[in-house]
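1. Next input, structure requested:
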Amino acid sequence: MDLGLAGRVCVVTGASRGIGRETARQLCAEGARVLLVARGEEVLSDAVELCRDEGDGAKRVAEGLALDVTDGDAGERIVAEAERHFDRVDVLVNNAGTARWRSLDEVPDDDWQAAWELNVMAPLRAMRAAVPGMRERGWGRVVNVASTAGKRPSAMMPEYSVAKAAELSLSRLFADQCAADGVLVNAVCPGPTKSELWMGEGGLLDQSQRAAGHSSREEALEASGAKRPIRRLAEVEEIAGAIVFLCSERASYVAGAAWSVDGGTVQVII
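-> Below you'll find the model as predicted:
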């Protein structure tokens, strides 16, 4: 299927690892020109090289920008860098995020504020900077990577859950404002995914193992997968595939959606 992304200019935040890196890779494979954004310069550079060269001889176009998306001027800097390399922004994927397991009473005020800055203010600033140009040109796509926790709060990720719920509301507000101008704003809500956030040492899998008292990582992984109707965690490729579709010409009648990509975890019909 031709997704109509060849030549489109795409920005992906949180692009050095996991879902963001795979989304950038798939966009490049579709012929898009991609600006990868992340904090860690060395890891980001590796991700850019992965996107450019998959060993098949094809030439793919990718650039990197190392910055913290919670900086007050990050949105403007992202758009300026995309315009410097590619003249415009057609697609914005707000993917940067992180989480940790702990109870509601354990979250200090600073971490509530940090979750708000990363999951709400950073996407807001990026959309404020990128969307006006999309509206002027009459075409654009924005995908905000939220979470199942934004639809059904997780007791062990309280500040993350609240911020992701707010991100879904923000996404809907922009969708309503921009759809008539050809700019389609949507969200995806992944469940637990076998990215570095979950599978890395000290990540959410290890945290859930300690919290639940499982004897091994394998037992913790099996228990987490068993909670989902599909009986496993997602692969990063599966989440990225849904994101890339929403970035495409094929998603031409999807606006204001919050797609659950969670193996059936959140049992709602809206």
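
2. Assign a three-state SS to residue 141, would you?
-> Secondary structure, DSSP: H, G, I helix; E, B strand; the rest coil: residue 141 is strand.

3. which residues does it bridge with?
-> residue 91, residue 184 (DSSP bridges).

4. show me what contacts it?
-> Going by CB atoms under 8 Å, 6 or more residues apart in numbering, residue 141 touches 90, 91, 92, 183, 184, 185, 186, 246, 247, 248, 251. All C-beta atoms are positioned from the backbone trio N, CA, C, and that covers glycine.

5. CA atoms only for the helix ranked longest in the chain, dumped as PDB, please.
-> Looking across the chain with DSSP state H, the single longest helix is helix 158-178. Output of helix 158-178 as PDB, limited to C-alpha atoms (Å, rounded to 0.1, in the frame of the first residue of the first chain):
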ATOM      1  CA  PRO A 158      -0.500   8.500  38.600                       C
ATOM      2  CA  GLU A 159       1.200  11.700  37.300                       C
ATOM      3  CA  TYR A 160       1.700  10.000  33.900                       C
ATOM      4  CA  SER A 161      -1.900   9.000  33.700                       C
ATOM      5  CA  VAL A 162      -3.200  12.500  34.500                       C
ATOM      6  CA  ALA A 163      -0.800  14.100  32.000                       C
ATOM      7  CA  LYS A 164      -1.700  11.700  29.300                       C
ATOM      8  CA  ALA A 165      -5.400  12.300  29.800                       C
ATOM      9  CA  ALA A 166      -4.700  16.000  29.400                       C
ATOM     10  CA  GLU A 167      -2.700  15.300  26.200                       C
ATOM     11  CA  LEU A 168      -5.700  13.500  24.800                       C
ATOM     12  CA  SER A 169      -7.900  16.500  25.500                       C
ATOM     13  CA  LEU A 170      -5.300  18.800  24.000                       C
ATOM     14  CA  SER A 171      -5.200  16.700  20.900                       C
ATOM     15  CA  ARG A 172      -8.900  16.800  20.500                       C
ATOM     16  CA  LEU A 173      -9.000  20.600  20.800                       C
ATOM     17  CA  PHE A 174      -6.400  21.000  18.000                       C
ATOM     18  CA  ALA A 175      -8.200  18.500  15.900                       C
ATOM     19  CA  ASP A 176     -11.500  20.400  16.100                       C
ATOM     20  CA  GLN A 177      -9.700  23.700  15.200                       C
ATOM     21  CA  CYS A 178      -7.700  22.400  12.300                       C
END
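
6. other SSEs contacting that helix?
-> For helix 158-178, the contact count by 3 or more CB pairs under 8 Å, 6 or more residues apart in numbering; DSSP states H and E identifies helix 109-116, helix 122-137, strand 140-145, strand 183-190, strand 258-261 as packing neighbours.

7. What is the distance between the third one and the centre of its chain?
-> Remark: strand 140-145 is offset 9 Å from the chain centroid, using CA atoms, centre = their mean, to the nearest Å.

8. do stretch 102-109 as well
-> The answer for stretch 102-109 is 24 Å, by CA atoms, centre = their mean.
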